[in-house]
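Chemist: got a sequence here, can you build the structure:
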Amino acid sequence: MEVLNIRNLKKVYGSRFGGVKYTALDNIDLKINQGEFVGIMGPSGSGKTTFLNVISTIDKPTSGSVFIDGKDVTKLREPHLSQFRREKLGFIFQDFNLLDNMTLKENIVLPLALSKTPYSTIEQRLSDITKKLGINEILNKHPYEVSGGQKQRAAAARAIISNPSLVLGDEPTGALDSKSSKELLSALQNLNDNNNATILMVTHDSFAASYCKRVIFIKDGKLFNEIYKGDMSRKDFYQRILKILSVIGGDSDDIG
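Modeler: So this is what the prediction gives:
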């Protein structure tokens, strides 16, 4: 089942009145199916952040279309856009975006509470997700009482608990140490494998990308290459990622 279908996506920044124009995305086509775990990589300034912003409806493309679950989100307007974002998309940010005056449990279930989901359904989903993420024992703690890795896994639980069609990660390991990064990535892999979660993750980190099933490389606003993990070990996949990044000038990190 197709979750994301991007057609002729273009984003141009600059004045319409003769100013300097910059093409951040140049006629990108891409399809992602349900249950995929896809990484987006590229050098600084390649367009990967703009790409994520357009898919997440934070930004509007200059032209082209972005279909999520068969609906072109570029044509949605408020309040329908906010409703679609709330129901269909989950977000994992680099800086967690948790509310310190709420417990981890309250942060995680907030999307369901806002949508007036029955209490029994909330409790069942909370139990299932937090066990898989390994944070079910700390749900009554506040964000300032736990580690960065635990906060990011709580953020991941919040993103996935409403069963969104697509989970978007914006450098989710960027603020974590290596141990916490591994724990988060293993948790996301678990959710992808066992909950059939569809995840699209922008990252500069080759180690993080090696947990994906497919990695797409962007250079100068265009799709440069893509590779599938298939039957490769994660270590071999990591080496393939490094080889492509060495060609296009992306960052790399040591695998552990």
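
Chemist: mind jotting down where the strands sit in the stretch 151-256 of the chain?
Modeler: Counting by DSSP state E, counting those that start in this stretch, residue ranges of the strands within the stretch 151-256 of the chain are 166-170, 199-202, 214-219, 222-228.

Chemist: could I get the ones you listed as a markdown table with mean pLDDT, mean neighbour count and distance to residue 208?
Modeler: (Glycine included, C-beta is placed from N, CA and C.) As requested, the strands of the stretch 151-256 of the chain are exported to a markdown table (pLDDT from 0 to 100; neighbours: other CB atoms under 10 Å; distance: least, CB to CB, whole Å):
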| stretch | mean pLDDT | mean neighbour count | distance to residue 208 |
| --- | --- | --- | --- |
| strand 166-170 | 94 | 23 | 9 |
| strand 199-202 | 96 | 26 | 7 |
| strand 214-219 | 96 | 23 | 10 |
| strand 222-228 | 95 | 16 | 15 |
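
Chemist: for those, give me a markdown table that also has distance to residue 77.
Modeler: What follows is these, written out as a markdown table (distance: least, CB to CB, whole Å):
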| stretch | distance to residue 77 |
| --- | --- |
| strand 166-170 | 20 |
| strand 199-202 | 24 |
| strand 214-219 | 28 |
| strand 222-228 | 29 |
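
Chemist: nearest to residue 6, of these?
Modeler: Comparison of these against residue 6 by CB to CB identifies strand 222-228 as nearest, at 9.9 Å.

Chemist: the closest one - which strands sit beside it in the sheet, and in what orientation?
Modeler: Strand 222-228 sits in its sheet next to strand 214-219 (antiparallel), going by DSSP bridges.

Chemist: output the partner strand as PDB, nothing but the C-alphas.
Modeler: The C-alpha trace of strand 214-219 is given here as PDB (Å, rounded to 0.1, in the frame of the first residue of the first chain):
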ATOM      1  CA  ARG A 214      16.300   2.200   2.100                       C
ATOM      2  CA  VAL A 215      18.400   5.300   2.000                       C
ATOM      3  CA  ILE A 216      17.800   8.100  -0.500                       C
ATOM      4  CA  PHE A 217      20.500  10.600  -1.200                       C
ATOM      5  CA  ILE A 218      19.800  14.200  -2.300                       C
ATOM      6  CA  LYS A 219      22.400  16.500  -3.900                       C
END
